[in-house]
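>>> everything below, folded, please.
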Amino acid sequence: MTSLRLFFALWPPGQVRRRLWQSIEPMRHAVDGVRWVPPERYHLTLRFMGDVPPELVEDLVAAAQVLGAEQPFRATLGSVGAFPRPASPRVYWVSVKARPLPRLGELLDAALLARGFLARKRRFRPHLTLGRARSRGSTPPLWRERAVLPASGAGSLAFDVRAIDLVRSELFPTGPRYANVHRVVLSGKGMIAE
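So this is what the prediction gives:
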């Protein structure tokens, strides 16, 4: 059987995703050459696993159970930025601020490492991807001026995080399709899965 492209993620509620889409409308019209992510695909990747043989999915699920002991928490969308840097953007994003996020990443990383998975390659930077540049180029001044969204925009959007999902991604010419494989509920009471 072929491998599965998997990642661990948290999903903001639909209302938050729609409001974020609306709040970046001026940016979407100001920046050319970007393939904007539709709001139904907005998610925060806690850990990208890449292509995983199906027989190892149970190990991923077992590693993720450590997160079930954590408390639900509140997250807030922050400033807008670009990778690798604003002057040469490839990926446009909005930061996600929540004190427990780095701890969740560390707990998951340790549990995965203990089960034989490789260590994380890049530093964890909590964000939602907004769009991807079709080609490298300089950033228009309007993008730099909008590097921080106004209080009425994304910066005011907050949501509760109550679960972490193991997600399968299938790539198509029209964009990826996501399907949840497993959900770990943040119960604060021990390891409870849904």
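
>>> just the residues contacting the host helix or strand of residue 178, thanks.
Residue 178 is part of strand 177-185, with elements assigned from DSSP states H and E. Identification of contacts with strand 177-185 by CB atoms under 8 Å, 6 or more residues apart in numbering yields 4, 6, 41, 43, 57, 60-61, 64-65, 67-68, 162-170, 192-194. In short, each C-beta sits where N, CA and C put it, glycine included.

>>> which of these fall in strands?
Secondary structure from DSSP state E places 4, 6, 163, 164, 165, 166, 167, 168, 169, 170 of the contacts of strand 177-185 in strands.

>>> from what I can see the first one touches residue 54, true?
Yes. Judged on CB atoms under 8 Å, residue 4 makes contact with residue 54 at a distance of 6.0 Å.

>>> neighbour-wise, which of those two wins?
Between residue 4 and residue 54, counted using other CB atoms under 10 Å, residue 4 has the larger neighbour count: 20 against 10.

>>> returning to what we had before: restricted to buried residues, select the contacts of strand 177-185 in PyMOL.
Buried subset of those, written as a PyMOL selection, criterion 16 or more other CB atoms under 10 Å:
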select buried, resi 4+6+43+57+60+64+67+68+163+164+165+166+167+168+169
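
>>> what about residue 133, distance to residue 87?
Separation of residue 133 from residue 87 (CB to CB, to the nearest Å): 12 Å.
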